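1. here is the input, now give the coordinates:
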Amino acid sequence: MPKLFSFEIYIWVILVATLVALLATPFIRLLAIKLGVVDRPKERGVHEKPVPLLGGVSIFLAFLVTVLFFGDLTDHAVQGLLLGGLVILVVGVVDDIRSLSPKAKMLGILLAAAIAVAFGVRIEWVTNPFGGMFNLGWLGIPLTVIWIISVTNIVNLIDGLDGLAAGIVAIVGITMLFSGVRTDQPVIALILIAALIGSSLGFLPYNFNPAKIFMGDAGALFLGYSLGVISVIGTLKGVTTIALAVPVLTLGLPIADTIFAIIRRMQNGQPISTADKGHIHHRLLQLGLSHRDTVLVMYLITGWLGISALVLTQVSMSQAAVILAFVTVSLLYIGRKLGVLNLKSDKKVNTEN
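-> Below you'll find the predicted structure:
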């Protein structure tokens, strides 16, 4: 199939998913209001009025409808993604309504990851930097589970401002799509990531500041879970290192924010699960940026990381090492300047991240 024709297909996938999300979200918003599923102002939040939740349902519906139309439902990996995605959605919806304990939520994420692995989604090969590939054997199973859980939680943690998680996932997805086309990753993986891009973009107009609806944990968990699973699907027939390195590098901002939070809480003698107002987006707000400007700055940083990831796929190992070193030092510099590494946390906040 010619590359141009292939890319035209992905554009159509994005457009359909965007349209479905645009149409579905207002109805889900009305449903959330009717059921009383709203996010109430809290000490650690940045909103002063209740906002409807369940936006993740519209994201899932847009993704599901698009995959049913364009995807191959006989593919076991697709089946695993949809079934695991449904599980993660249910976990998120229950958490949005009743506030699950961290342990219960983690068990739900673990179950969803295990479902994907049971359907054949697993990291089997790792590139040898000195040439060739390593077969991971049975180690691929726990590594895949850890990968999916990690990406799921990283996206969930970045969902702290209007439009932040949806926009960052869209940018990560676009980077993965361009990289996947250039490196001949499986068509089904590219269709899936295109559907995720469209689902995020279609939800964004309702979620950008001032948000008319929140995606809630249902949306953030589903987006993170899908990114994790789809990137592994891209390794099944593609280049393993590239398929995983691109989302890792493009997600560098939330990954760094998560690492900074762990270090900060350990320095303050607090449990890692304790929430605070020391995240990068909190610090940008405290420095005087508006809600929208903070989100746009984080979009720009993610876009820069995405471009770096695309360049990474086209250079030698030594050049890639230089790029990674520069990105790492840059993120550490940003974290240090913002003061997110040693900020004293407020011990009176709740345990929601």
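2. now do the strands in the stretch 101-250 of the chain.
-> Assigned strands in the stretch 101-250 of the chain, in chain order: 125-127, 133-135 (criterion: DSSP state E, counting those that start in this stretch).
3. and what of the stretch 251-353 of the chain?
-> Going by DSSP E, counting those that start in this stretch, the stretch 251-353 of the chain shows no strands.
4. for it, which spans come out with low pLDDT?
-> Scanning the stretch 251-353 of the chain with the threshold set as pLDDT under 70 gives 270-276, 278, 341-353.
5. could you do the stretch 51-200 of the chain as well?
-> Low-confidence segments of the stretch 51-200 of the chain, defined by pLDDT under 70: 126-133.
6. just give me the neighbour total for Ile263.
-> 15 (other Cβ atoms under 10 Å). Any C-beta I mention is one placed from the backbone N, CA and C, and that applies to glycine too.
7. same check, this time on the one 3 residues further on
-> Other residues near Met266 come to 11 when the count uses other Cβ under 10 Å.
8. let me see the contact set for Phe208.
-> Contacts for Phe208 (Cβ atoms under 8 Å, 6 or more residues apart in numbering) come out as 162-163, 167, 292, 295.
9. same question but for Val229, I mixed them up
-> So Val229 contacts 77, 80-81, 84-85, 116, 121, 148 (Cβ under 8 Å, 6+ apart).
10. that one and Trp125, how far apart?
-> Per Cβ to Cβ, to the nearest Å, Val229 is found 17 Å from Trp125.
11. can you check Ile115 too?
-> Ile115 is 22 Å from Trp125, by Cβ to Cβ.
12. who has more neighbours out of those two?
-> Ile115 (22 against 16).
13. out of everything not next to it in sequence, what's closest to the more buried one?
-> Gly84 (4.0 Å; Cβ to Cβ, 6 or more residues apart in numbering).
14. who are the packing partners of the strand or helix carrying the one you found?
-> Assigned by DSSP states H and E, Gly84 falls within helix 76-98. If you count contacts as 3 or more Cβ pairs under 8 Å, 6 or more residues apart in numbering; DSSP states H and E, helix 76-98 packs onto helix 55-70, helix 102-118, helix 187-207, helix 216-233.
15. mind checking how far stretch 322-337 is from the chain centre?
-> Put simply, stretch 322-337 sits 21 Å off its chain's centre (Cα atoms, centre = their mean, to the nearest Å).
16. give me the residues contacting it.
-> Against stretch 322-337 from outside (Cβ under 8 Å, 6+ apart): 249, 252-253, 256, 260, 280, 301, 305, 308, 311-312, 315, 341.
17. show me the two of the contacts of Phe208 that sit farthest apart.
-> Gly167 and Arg292 (11.2 Å; Cβ to Cβ).
18. which one of these two has more residues nearby?
-> Gly167 (23 against 14).
19. mind listing what the more buried one touches?
-> Neighbour list for Gly167: 200, 204, 208, 295, 299, 302 [criterion: Cβ under 8 Å, 6+ apart].
20. out of these, who's nearest Val20?
-> Nearest to Val20 among the contacts of Gly167, with distances taken as Cβ to Cβ, is Ser200, at 12.1 Å.
21. just give me the longest helix of the chain.
-> In terms of residue count, the longest helix belonging to the chain (DSSP state H) is helix 3-35.
22. avg pLDDT for that helix?
-> Helix 3-35 carries an average pLDDT of 89.
23. neighbouring strands for the next helix or strand after it, and are they parallel or not?
-> Going down the chain from helix 3-35, the next helix or strand is strand 38-39, by DSSP H and E. Note on strand 38-39: by DSSP bridges, its sheet partners are strand 51-52 (antiparallel).
24. can you get me the centre-to-centre distance for the partner strand and its chain?
-> On Cα atoms, centre = their mean, the centre of strand 51-52 falls 21 Å from that of its chain.
25. can you get me a residue count around the nearest residue to Leu192 once chain neighbours are set aside?
-> Using Cβ to Cβ, 6+ apart and skipping residues adjacent in sequence, the residue nearest Leu192 is Ile230, 4.8 Å away. By the criterion of other Cβ under 10 Å, Ile230 has 27 neighbours.
26. check whether Ile230 really touches Leu81, as I assumed.
-> Yes - when contacts are counted by Cβ atoms under 8 Å, Ile230 is listed as touching Leu81 (7.1 Å).
27. so what sits against both of the two?
-> With Cβ under 8 Å, 6+ apart, Ile230 and Leu81 have common neighbours Leu192.
28. residues near Gly202, how many?
-> 28.
29. where's it relative to Thr18, distance?
-> 4 Å.
30. between the two, which contacts overlap?
-> Ala62.
31. re the thing from before, list the contacts of the residue nearest to Ile115.
-> 112-113, 115-116, 119, 225, 229.
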